[in-house]
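*Asks:* Turn this into a model:
(one chain, ligands or ions: 1)
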Amino acid sequence: MRRLKCDVAVIGAGPAGLAAAARAKQSGAGRVILLDRDRELGGILNQCIHNGFGLQLLAQELTGPEYAEHFIAEALDCGVETMLNTMVLDVTREREIIAINSDEGLMHIQARAVILAMGARERNRGAVTIPGTRPSGVFTAGAAQRFVNMEGYMPGRRVVVLGSGDIGLIMARRMTWEGAKVEAVLEIMPFPSGLTRNIVQCLDDQGIPLYLSHTVVCIKGDERVEGVTVARVDENLKPIPGTEWDIPCDTLLLSIGLIPENELSLEAGVELDAITGGPAVTDEMETSISGIFACGNVVHIHDLVDNVTREACTAGEGAARLVTGQQPGGANVRTRAGDGIRYVVPQQVHVENLADRDVRLFMRVTRPAENVRVEAEIGGEVVFSKFERVVRPAEMVALTIPAGKVSRQAMAATASVCGAGGAHRPGKANPQAGPELVMRIAVRDASRKGGKEA
Ligand SMILES: Cc1cc2nc3c(=O)[nH]c(=O)nc-3n(C[C@H](O)[C@H](O)[C@H](O)COP(=O)(O)OP(=O)(O)OC[C@H]3O[C@@H](n4cnc5c(N)ncnc54)[C@H](O)[C@@H]3O)c2cc1C
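*Replies:* Residues are numbered from 1 along each chain as shown. The predicted structure follows:
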């Protein structure tokens, strides 16, 4: 078996893995190896030929492959080594990787730091158990996207899309442009799951109807899908008897969510967050296992690739800080989702980092709201907040706490409770320990607009 050693091994060469590998190398790591099972670098971006990527980070509206190209060039230019067609089979807590490809066979890679960047996979029919027959013509939206954009096949001509996530919306437009008739997009929730810009550009502009609070209750057809029965749902998301009607179609596309791809993380013993489905991480994107980092969709599902890249740069820098002996020591403060917030990433923040560097937090809200403040509170004191005109579950909220914003007293209190010295890993935190960094949505002083205030 071929044996390799490196400072940093990155698993997955999508936008997360590319940016993490480049940043690790640029931040002082020695040998950095980037592994992917696919035949090309770029991950899911290679099939996303629509534009809308990079608006925030590169101030350009790029297609997925163009956005990937930018970061592929950066990674290769700075000396990241790549291994394609290489499937990672196993990762251990000692940061050993077992990978395989057809040229080399099995490989053993011993890394000083590992970055998990395996992305996510789509939920399929089995995940929501739709009654009916089992004809051909039922696809996940991402699989259909690959057929149309990369393989040159049309999955069908008369289409219904279940779920209003971004992939489903983009595929509704794509199928229309390719000559199919998209009859409807159905969303079980009372609000859309995708970005507003995608609702406007992919549905409204194409004349495709969106039915909120609706779902498919039966798939019909023998060899091929012949139609679906849809129904309105109540506030418990249960179909309301008597509201059913049939839509004839030959194709049902499912856009019902993504699941972080964490089989390798679990094998290694990394602790997962029950809400995000991804590893619980510190603000350096380090998991519960020392030296194993994670970023991108493997940690939590992102709507914008710009945030994937930002998070990946943090992970790459974190891994480089570990291998160059510059990792922060001392205590961590845990983050917690308060009123109106579903989850917060990272799950822990180094107290030392709160003093010395900007710390970015990503979160999702539980329900849509307008004119609110997103507040960060420690020990009953709001340490930072920002105004948001609109928040929606579909759109991730990012909040950057500038260096030094948290008062010395609050940090001292935190340090004395969490204890100093030695890594305080996510998952190993004492559930009773506090105070915490609580994120919440507040409406009380929302009228005071403007981005930042303490
Ligand atoms: C259809 C679609 C449309 C989108 N549209 C937009 C948009 O308009 N604008 C925008 O900003 N964002 C958009 N996004 C979101 C953005 O593209 C994703 O958030 C981003 O691509 C996630 O990056 P990632 O690197 O975490 O995962 P991925 O891109 O999925 O990369 C993961 C990589 O890991 C590899 N891998 C997994 N397991 C293994 C293993 N065991 N061994 C080796 N390799 C492995 C995979 O092959 C893959 O290459 C869209 C996403 C999709 C799916």
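*Asks:* For the nearest residue to K405 once chain neighbours are set aside, give its distance to the ligand.
*Replies:* Spatially, and ignoring its direct neighbours in sequence, K405 is nearest to F384 (5.0 Å; Cβ to Cβ, 6 or more residues apart in numbering). In short, each C-beta sits where N, CA and C put it, glycine included. For F384, the distance to the ligand under the criterion Cβ to the nearest ligand atom, to the nearest Å works out to 26 Å.
*Asks:* In which helix or strand does F384 reside?
*Replies:* For F384, the element it lies in under DSSP states H and E is strand 381-391.
*Asks:* State the mean pLDDT of that strand.
*Replies:* Averaging pLDDT along strand 381-391 yields 92.
*Asks:* And stretch 295-315, by the same measure?
*Replies:* Averaging pLDDT along stretch 295-315 gives 96.
*Asks:* Just give the closest residue to the residue of the stretch 51-200 of the chain at minimum distance from the ligand, not the sequence neighbours.
*Replies:* Checking the stretch 51-200 of the chain residue by residue against the ligand with Cβ to the nearest ligand atom singles out G119 as nearest, at 2.5 Å. Taking Cβ to Cβ, 6+ apart, and ignoring the residues beside it in sequence, G119 has N297 as its nearest neighbour in space, at 4.6 Å.
*Asks:* For the stretch 101-250 of the chain, which residues are neighbours of the ligand?
*Replies:* By Cβ under 6 Å from any ligand atom, the part of the stretch 101-250 of the chain that sits against the ligand consists of 117-119, 142, 145, 166-167, 170.
*Asks:* By neighbour count, which of these wins?
*Replies:* Highest neighbour count within these, by other Cβ atoms under 10 Å: A117, with 34 neighbours.
*Asks:* Which residue, other than its chain neighbours, is closest to A24?
*Replies:* Take A24 and drop its neighbours on the chain: the residue closest to it by Cβ to Cβ, 6+ apart is G316, 3.9 Å away.
*Asks:* and the residue in the stretch 351-454 of the chain positioned nearest to the ligand, how far is that from V308?
*Replies:* Across the stretch 351-454 of the chain, no residue is closer to the ligand than M396, which sits at 10.0 Å (Cβ to the nearest ligand atom). As judged by Cβ to Cβ, to the nearest Å, M396 and V308 stand 10 Å apart.
*Asks:* Overlap in contacts, these two.
*Replies:* Taking Cβ atoms under 8 Å, 6 or more residues apart in numbering as the contact rule, the neighbours common to M396 and V308 are H302.
*Asks:* which SS state does A21 fall under?
*Replies:* Applying DSSP: H, G, I helix; E, B strand; the rest coil to A21 yields a three-state assignment of helix.
*Asks:* Which one's more surrounded, M396 and V308?
*Replies:* In this view M396 and V308 are compared by other Cβ under 10 Å, and V308 has more residues nearby, 27 against 19.
*Asks:* Just the element for that one, please.
*Replies:* Assessed by DSSP H and E, V308 sits inside helix 305-323.
*Asks:* strands paired with the next helix or strand after that helix, and their directions?
*Replies:* Moving toward the C-terminus from helix 305-323, the next helix or strand (DSSP H and E) is strand 332-337. Each strand pairing with strand 332-337, determined using DSSP bridges, is listed with its direction: strand 348-350 (antiparallel), strand 437-442 (parallel).
*Asks:* what's around the closest residue to the ligand within the stretch 301-450 of the chain, how many residues?
*Replies:* When distances are taken as Cβ to the nearest ligand atom, the stretch 301-450 of the chain approaches the ligand most closely through V305, which lies 3.6 Å from it. Neighbour count of V305, defined by other Cβ under 10 Å: 29.
*Asks:* beta partners of the residue nearest to K405?
*Replies:* Under DSSP bridges, the beta-bridge partners of F384 are A376.
*Asks:* neighbours around it, how many?
*Replies:* For F384, the count of nearby residues is 21 (other Cβ under 10 Å).
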